[in-house]
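*Asks:* Need coordinates for the following:
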Amino acid sequence: MVMGLEQLRNLPPSGVGVIISRGCEANGDILGLKLMAQVLKEGKKVFLTLYEPFLTFKTNIEKFGVCLDDVLGKTLFILDVFGSFKRIEREVDGITQIGGYIDDGVFVERFDEVGEDMLKRVDPGEEVWLFAYMSSGACKLFSNPLKTYRLVWSEVHEKMETTRNARIVVVYNSEECPDIEEVLHLYADVVVEVFFERGSRKVLVTKGGV
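*Replies:* Sure, this is the predicted structure:
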């Protein structure tokens with residue numbers, strides 16, 4: 001198994017894994033997509049907070065053998081943050097958007113509501129995975145990325161207290177949004193960093209994952 005992928009796949013219940021791309025060429029999101037595809041193929045439920053365009057995500061995840069038509073609304077449920085802020089409406093089963101006026105405060109409030117609704121779909125003890133895809137998009141969407149992201153994490157951890165068999169994986173590019181990296185390191189049990197140096201990609205586990 002690819003370095004870093006095993007550590008993330010073996011996260012304990014309530015565990016948090018963070019994948020950090022050090023620069024755009026590192027393509028650390030590939031590691032997150034591989035893991036998400038693996039989990040979906042195993043029939044596990046995935047709740048995805050999407051900070052990048054839906055069509056970009058669709059193209060990328062389908063490269064790993066996942067047909068979204070087969071899983072959306074069944075085992076994959078998406079909160080389309082990018083589409084909500086950019087007012088790109090999608091009436092697709094399994095995709096939730098925040099309608100009407102939206103700013104940082106409205107997002108945090110609705111994030112809590114959407115989280116409550118999504119977790120009603122989880123049976124007691126059921127293994128569930130929460131992915132945040134390209135959280136670095138927070139700097140493109142939020143007026144105050146650091147404050148808003150901290151509030152989001154506060155909500156996430158409240159939910160984790162009642163959903164014991166959940167794991168969280170965050171995919172993030174450090175160059176696109178350095179403001180929130182301190183929050184990710186604070187909450188992470190496992191940190192996997194991906195570098196592109198001298199023409200080759202390197203993956204290092206820099207926190208946890210023993």
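*Asks:* Below-threshold pLDDT in the chain: ranges please.
*Replies:* For the chain, the stretches with pLDDT under 70 are 1, 161-162, 209-210.
*Asks:* Which helix runs longest in it?
*Replies:* Longest helix of the chain, by residue count under DSSP state H: helix 145-162.
*Asks:* now the strands: where do they sit in this protein?
*Replies:* Assigned strands in the chain, in chain order: 16-21, 45-50, 76-80, 95-96, 128-133, 166-173, 190-197, 200-207 (criterion: DSSP state E).
*Asks:* Make a markdown table out of those strands and add mean neighbour count and distance to residue 65.
*Replies:* C-beta: built from backbone N, CA, C; applies to glycine. Output for the strands of the chain, formatted as a markdown table (neighbours: other Cβ atoms under 10 Å; distance: least, Cβ to Cβ, whole Å):
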| stretch | mean neighbour count | distance to residue 65 |
| --- | --- | --- |
| strand 16-21 | 26 | 20 |
| strand 45-50 | 22 | 15 |
| strand 76-80 | 23 | 14 |
| strand 95-96 | 20 | 21 |
| strand 128-133 | 24 | 17 |
| strand 166-173 | 25 | 18 |
| strand 190-197 | 20 | 21 |
| strand 200-207 | 14 | 21 |
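*Asks:* Serialize those strands to a markdown table and add fields for distance to residue 155.
*Replies:* Shown next, in a markdown table, are the strands of the chain (distance: least, Cβ to Cβ, whole Å):
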| stretch | distance to residue 155 |
| --- | --- |
| strand 16-21 | 14 |
| strand 45-50 | 11 |
| strand 76-80 | 12 |
| strand 95-96 | 15 |
| strand 128-133 | 12 |
| strand 166-173 | 12 |
| strand 190-197 | 21 |
| strand 200-207 | 23 |
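*Asks:* Quick check: which of those is nearest to residue 139?
*Replies:* Residue 139 sits nearest to strand 166-173 of all the strands of the chain, at 9.8 Å, using Cβ to Cβ.
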